[in-house]
Structure formats: C-alpha cells, structure tokens
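Trainee: Need coordinates for the below:
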Amino acid sequence: MRVLFFFIPLGLLFFSCDKEVPTNTEDTYLSLTVQPTFGTENLFLDSVYTTVEGYDFKILDFKFYMTDVKNNSNSLAEAILYDFRESGKTALRTIGDPTKFTSLQGSIGVIESLNHDDPSAFANESPLNISNAGPMHWGWNTGYIFIVIEGKADTLNDGVALFDHSFSYHIGTDAFLENFGFSNLNWVKNSTYEYELPLKFEFDNFLQNNGQNIDLKTEYLTHTAAGQEALTQKAKLNFKQALKPF
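Mentor: Take a look at the predicted model:
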C-alpha cells in the first residue's frame, strides 16, 4: 500500500492563521447631555425652588430644539430635540469621533431651511418628524416651537403653598432663531466606546441675567404672538446665556 504525504508550505499556513484574527469593529458613541441646575443644585421637574423675589416655583416641562449642530464641516446632528421629562438629561446619542467635535456651532431652534418643511416628510427617526415633534410643531405657517418652559409658581409669599400661578414660555418663528457656539470642549470618556459632552442649563440665570430679569409674577406668558415680542426676545437671549458646557 502506498502512503501519500501532503505538505503545506509554512508561509501559507501562517498567512491563513493571520486572516482569521478578528479585528475591532466596535462603533464609538457620542452622547450630548444637558443637566438643568438652579444655583449649585441639579434641578428636577416638579421640585420646588425659590426665585430671588421669594416666589416658590416648579418646572413642569422643559424642551428645546437644536439644529445644524456641527464643528465647521463635521456634522454632529441635523436636529436634536431635548425633552427633559421624556428622556432625562440625554439630548443625543450618535456614532461619531470626539476628536472632530472639540468645538460646536449651531442654532437654538429650527433653522429656516427646515422650519417650514412638511413635518411628516422627515425620516421616522428624525426629531423633526411629526410623530417625534408632537406638540413642538405649531402648524404649517409657523413651523416648530423652538423652546418650551412651563411651570407653576406661588407668588403670594403668604406661607401657604398654593401653586396657582402658571407660567409658559413658548419661543418660535424664524425671527427668534438664536445661534450658539461652544469652544475648547472636553468629551468625557465613560467607557471604551462611549464619550459624553455634558452641558448644563442654569435656570437661575435664565430668570436673572445681567439685568435682563424675568419676573414669574408679571412676565409669565409668551407664545411668540404679536405684542409679546419684548418678553420673547428676553427669554430667547437669557436661554442662550443659561445653556453652557459644564
């Protein structure tokens, strides 16, 4: 009986083994978070805080849009919808490279090129799709609400906790779009493939900002309607100053 031997070249064997070594294909995720604060404390919905005028108040709803968020030619997101009650402090989680976003520019609100598009025509996962925007879209003519801050206050200072005074700031329309820019940003590495950019929103600075104060008792309502321009402008500018990196 004849025995046949087969020889595999050694180099070919090593080449075959090298090809089987798995490579790292994990995606890197970037999260943009916004923590509301009041003074030195984190702010929570439905909790009671006190203004400098002595009014006890509680925030019931806090939402806002950011659009065209990028660092020069590097786009982070076309649109971001922050909804504190629905999603907590997380505004965005997406695949990306933190080294490309050491600065960010964008708009608080919805840029004009998107603001008047059909809200049902956006992709299902887009924050601008009507199923995700919900009450943050006013209708065909006025587009999206950019900022929503709603709450209740006790403005009587009589020792009785009666939160019967509502306040509501709904900012929108192209005229009240506001640009922002953050530089020298530090993304926090939470795990091997997770980075976070923590922002904060200082509600005390929204109400009291370099003399541009908002009194919850007397300046309690704007839906960006005619006759409400002064309060709308003040709320828009105070909002921008209150939103900043940690």
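Trainee: number of nearby residues for residue 224?
Mentor: Close neighbours of residue 224, defined as other Cβ atoms under 10 Å, add up to 23. For the C-beta atoms, the positions are set from N, CA and C on the backbone; glycine is no exception.
Trainee: Now do the phi/psi pair for it.
Mentor: phi 60, psi 40 (degrees, to the nearest 10).
Trainee: just checking, it touches residue 172?
Mentor: Yes - contact between residue 224 and residue 172 holds when scored by Cβ atoms under 8 Å: they sit 5.1 Å apart.
Trainee: measure residue 115 to residue 143 for me?
Mentor: Counting by Cβ to Cβ, to the nearest Å, the gap from residue 115 to residue 143 is 4 Å.
Trainee: list residues touching both of the two?
Mentor: Any residue near both residue 115 and residue 143 by Cβ atoms under 8 Å, 6 or more residues apart in numbering counts here, and that gives residue 174.
Trainee: per-residue confidence at residue 227?
Mentor: If you check residue 227, the pLDDT there is 97.
Trainee: sec struct for it, please.
Mentor: Secondary structure of residue 227, reduced to three states by DSSP: H, G, I helix; E, B strand; the rest coil: coil.
Trainee: Residue 190: which element?
Mentor: strand 188-191 (DSSP states H and E).
Trainee: Could I get the CA-only coordinates of that strand as PDB?
Mentor: Only the C-alpha atoms of strand 188-191 are listed here, as PDB (Å, rounded to 0.1, in the frame of the first residue of the first chain):
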ATOM      1  CA  VAL A 188     -15.800  62.700  28.900                       C
ATOM      2  CA  LYS A 189     -14.800  59.100  28.300                       C
ATOM      3  CA  ASN A 190     -17.400  57.000  30.200                       C
ATOM      4  CA  SER A 191     -16.200  53.600  28.700                       C
END
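Trainee: Now do that strand: everything it contacts.
Mentor: By Cβ under 8 Å, 6+ apart, strand 188-191 touches 31, 195-198.
Trainee: hmm, try it at 10 Å
Mentor: By Cβ atoms under 10 Å, 6 or more residues apart in numbering, the surrounding residues in contact with strand 188-191 are 28-29, 31, 33, 98, 194-198, 246.
Trainee: Could you save those as TSV and add columns showing pLDDT and neighbour count?
Mentor: As requested, the contacts of strand 188-191 are arranged in TSV below (pLDDT from 0 to 100; neighbours: other Cβ atoms under 10 Å):
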residue	pLDDT	neighbour count
28	96	14
29	98	16
31	98	19
33	98	19
98	98	17
194	98	14
195	98	20
196	98	18
197	98	22
198	98	16
246	93	12
